[in-house]
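S.K.: sequence-free structure coming up:
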């Protein structure tokens, strides 16, 4: 593209705000690839965003996340509200865009322009992933989706970070997955605002829910390191395949949205803002180190550290010193 | 501890250099917890390090990493060489230190002070994990271990980063795991210097190895995004449980160690150095934003971004500007 990124970003952002879904998809690709268009578009769209309810949905493989998200979409659409889904797979370095799963899932809503589903693959480190997801959510928020579901796959640390970037975090558990220690170990329950035992028609679902309620009660077992538990998540039972419990889940989500006295998800929003600012700072830092007057110093310090002639702390301090002397 | 961190670090570092294993264990705990003792100790030990061969060992669950590591330890000790193992579990936020698994594994080498095994849990984001692992490896390197095995669990992006921080990266595959797409998807094969098909006594092991050789050959299938494949990993077959193929694996590792014309693992060392410097810069940045003259500005910008009155790029640029004005 010979076009100026700022001009292209303006055109795409305006079109996305007016409901152009292709423009929206292109902006999300730009965000995924961290192009200059992404920065320019986000600067324009960020002030328009802030109205959507961002909902993180995570849980171990097999808990039924995709089925539950599908059921939630149905419930949200039945209420006439527009909904977008960002499906993040932190274990995949392959770009999303038009994954097969998206196409299959989109087909169910082929004629419905108030449903938008998009996969994002992992790029770079986990912090970058949380930041990319947050940027994507901000664009969907600005484009007028009332709810943005952030679905993450797996049980690693990155999924926890991604889910925790939402206003409300839902952690799924399957009944009889049994090993409660595993859930605590992965830190999943610690980020939960709502815990959902899905596959509620399976034997053991109610027992699993009861165990989780006992565990999450003030007197229940704590994480091994005795950190305080800031959240008292409600435990719900759903059967996504039949839709049982899904209206109650949407109601619980709406309650959580308005429950925060400082405004919806205000604490989560501040954490998200801090993550975003840090991610941009890190990007700027990498840019400064890779080009311009600091690149040469950086390259020679890197070799000195690689050869163990200098320790990384001394190298970092020399770069910080040099950065201060470089005119912005 | 009322002690000065620098003084404590000196005492521990000197003791570790003289072979004190308890001091070494304490330094690793300091590194895991990122205490001031860790920085002071690393500044002292880093120039002494650089002689060990750092070997990353990763692969999907069930491929037999722990068994292979145990067999490798046996082979390395039979050659009279000292060996340390850092076992990293990026999905666990719980501190390592003295995990049960370590104790069980250590028991086999109870009387042997030339074997040191240590678990490290994940702290913070994946970049931080790679940096913690690298710091731990540098301390073990300085303490005189000829080989440092970095064993990582799972198939996520963080494991790939951790494994790639080694001089030589070994990726394990189990026979008949079958789904080659999965391995490519996880980016595992892209970081491999050596690919090992373990459980070589299982039917299908040789066929899996042949498939991998075909896939990794210059004419073989490439990752979907057509990135160039910088490495041509050798494919070996081992049966860790019986020791079959393990001497050949150690020989291949030793060959890889000396194969680099610019010195052992020089490219990997530079990547590692860059990662370390960036991790320290990020730490310094977080410190600057959290305390001192920038903390107030940072807090108010965070709220403006959280309330969508300011975009994160503008906030980051204002912080960078302010940083330049703050005397170092």
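M.R.: Good, I have the coordinates. Quick caveat: nothing in here was measured; it's all calculated off a predicted structure.
S.K.: Where do the strands of chain A begin and end?
M.R.: Along chain A, counting by DSSP state E, strands occupy A:53-58, A:83-89, A:115-121, A:147-152, A:168-173, A:194-197, A:234-237.
S.K.: can you list the domains in chain A?
M.R.: Recorded structural domains for chain A (assignment: automatic domain parsing) are A:1-48, A:50-264, A:278-325.
S.K.: Spatially nearest residue to residue A:312, not counting backbone neighbours?
M.R.: residue B:276 (3.8 Å; Cβ to Cβ, 6 or more residues apart in numbering or on different chains). Any C-beta I mention is one placed from the backbone N, CA and C, and that applies to glycine too.
S.K.: still on that earlier bit, make JSON lines from the strands of chain A and add distance to chain B to it.
M.R.: Shown next, in JSON lines, are the strands of chain A (distance: least, Cβ to the nearest Cβ, whole Å):
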{"stretch": "strand A:53-58", "distance to chain B": "12"}
{"stretch": "strand A:83-89", "distance to chain B": "9"}
{"stretch": "strand A:115-121", "distance to chain B": "10"}
{"stretch": "strand A:147-152", "distance to chain B": "12"}
{"stretch": "strand A:168-173", "distance to chain B": "15"}
{"stretch": "strand A:194-197", "distance to chain B": "18"}
{"stretch": "strand A:234-237", "distance to chain B": "22"}
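S.K.: Take these and write them to JSON lines, including mean neighbour count and mean pLDDT.
M.R.: Conversion of the strands of chain A to JSON lines gives the following (neighbours: other Cβ atoms under 10 Å in any protein chain shown; pLDDT from 0 to 100):
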{"stretch": "strand A:53-58", "mean neighbour count": "27", "mean pLDDT": "92"}
{"stretch": "strand A:83-89", "mean neighbour count": "26", "mean pLDDT": "88"}
{"stretch": "strand A:115-121", "mean neighbour count": "23", "mean pLDDT": "86"}
{"stretch": "strand A:147-152", "mean neighbour count": "27", "mean pLDDT": "92"}
{"stretch": "strand A:168-173", "mean neighbour count": "27", "mean pLDDT": "89"}
{"stretch": "strand A:194-197", "mean neighbour count": "27", "mean pLDDT": "93"}
{"stretch": "strand A:234-237", "mean neighbour count": "20", "mean pLDDT": "94"}
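S.K.: Show me what counts as buried in the longest helix seen in chain A.
M.R.: Assignment by DSSP state H gives helix A:266-290 as the longest helix of chain A. The neighbour-count check on helix A:266-290 (16 or more other Cβ atoms under 10 Å in any protein chain shown) flags A:268-285, A:288-289 as buried.
S.K.: Same check on stretch A:233-252?
M.R.: Result for stretch A:233-252 [16+ other Cβ under 10 Å]: buried residues A:233-240, A:245-246, A:249-250, A:252.
S.K.: from memory residue A:246 sits against residue A:69, does it?
M.R.: No: counting by Cβ atoms under 8 Å, residue A:69 is not a contact partner of residue A:246; they are 10.5 Å apart.
S.K.: which residues does the closest residue in space to residue A:145 that isn't next to it in sequence bridge with?
M.R.: Excluding the flanking residues, the one nearest residue A:145 by Cβ to Cβ, 6+ apart is residue A:84, at 4.0 Å. On the basis of DSSP bridges, residue A:84 is bridged to residue A:116, residue A:148.
S.K.: Contacts only, for residue A:84.
M.R.: By Cβ atoms under 8 Å, 6 or more residues apart in numbering or on different chains, the contact list for residue A:84 reads A:115-118, A:140, A:143, A:145, A:147-149.
S.K.: Quick one: low-confidence residue ranges for the stretch 51-200 of chain A.
M.R.: Residue ranges of the stretch 51-200 of chain A with pLDDT under 70: A:90-107, A:121-128, A:153-159, A:164, A:176-187.
S.K.: how many other residues sit next to residue A:9?
M.R.: As a burial measure, residue A:9 scores 24 neighbours (other Cβ atoms under 10 Å in any protein chain shown).
S.K.: roughly how far apart are residue A:201 and residue A:240?
M.R.: Residue A:201 sits 10 Å away from residue A:240, going by Cβ to Cβ, to the nearest Å.
S.K.: and if you look at residue A:63?
M.R.: Residue A:63 is 10 Å from residue A:240, by Cβ to Cβ.
S.K.: Can you check which residues contact both of those two?
M.R.: Residues touching both residue A:63 and residue A:240 by Cβ under 8 Å, 6+ apart: A:198-199.
S.K.: Could you tell me the angle between the longest helix of chain A and helix B:266-290?
M.R.: 130 degrees (axes from the mean of the first three to the mean of the last three Cα atoms, to 10 degrees).
S.K.: residues touching the nearest residue to residue A:270 once chain neighbours are set aside, list them.
M.R.: In space, and not counting its chain neighbours, residue A:270 is closest to residue B:306: 4.6 Å by Cβ to Cβ, 6+ apart. Shown in contact with residue B:306 (Cβ under 8 Å, 6+ apart): A:266, A:269-270, A:272-273.
S.K.: of the residues you listed, closest to residue B:205?
M.R.: residue A:272 (47.4 Å; Cβ to Cβ).
S.K.: Hmm, residue A:134 and the closest one touching each other?
M.R.: Yes: look at residue A:272 against residue A:134 with Cβ under 8 Å: they come within range, at 5.5 Å.
S.K.: which neighbours do the two share?
M.R.: Common neighbours of residue A:272 and residue A:134 (criterion: Cβ under 8 Å, 6+ apart): residue A:165.
S.K.: Report how many residues lie close to residue A:3.
M.R.: If you count neighbours by other Cβ under 10 Å, residue A:3 ends up with 10.
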